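Peer 1: following is a predicted model, sequence given first.
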Amino acid sequence: ILTDPVLPCGLIVAGHLSLPSVFFLRAVPCGYDFEATQCPSPPSYVPRDFTQHTDHMNFLQRVRNQLHHIANSFLCDFAFQPYEKLASVFLHRDVTVLDLLRKGSIWLLRFEFVLEYPRPLMPNIIPIGGVHCAHKK
């Protein structure tokens, strides 16, 4: 199933039908894409979205970045809670959104290294878009 994992309805259907899922996305809120693919992204070194920090942070900026990460994860747990209840009822087992995201077969990541900080990518993540697109002749 080709789906956008920001709204987990496609993830739930793929889990129910035991089909492989292909994710087409820009980013999952709260860094769930980092956690699901097990990409390293320590908040003390990687600036979070909307913090306006660079990759050269002083101690207070690193602390602020960590606090932003913690607050963002609580907000996302609250936002994805209805989907977790829906998935648990529909799949007849306790499931979190992160469990559903971990079952992604291929991640088509619309990633632009010019605008984003570089990060390590796992083998099932394919960067598409931006500088990765071929120009037509």
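Peer 2: Yes, it's here.
Peer 1: in the longest strand along the chain, what counts as buried?
Peer 2: As assigned by DSSP state E, the longest strand anywhere in the chain is strand 104-110. Buried residues in strand 104-110, defined by neighbour count with 16 or more other C-beta atoms under 10 Å: 104, 107, 108, 109. For the C-beta atoms, the positions are set from N, CA and C on the backbone; glycine is no exception.
Peer 1: helix/strand/coil for the closest residue to the third one other than its chain neighbours?
Peer 2: Closest residue to residue 108 in three dimensions, ignoring its sequence neighbours and counting by C-beta to C-beta, 6 or more residues apart in numbering: residue 24, at 4.6 Å. When the structure is reduced to helix, strand and coil (DSSP: H, G, I helix; E, B strand; the rest coil), residue 24 reads as strand.
Peer 1: and for residue 24, the neighbour number?
Peer 2: Summarising burial for residue 24: neighbours were counted as other C-beta atoms under 10 Å, giving 15.
Peer 1: how near is it to residue 74?
Peer 2: Relative to residue 74, residue 24 is positioned 27 Å away (C-beta to C-beta, to the nearest Å).
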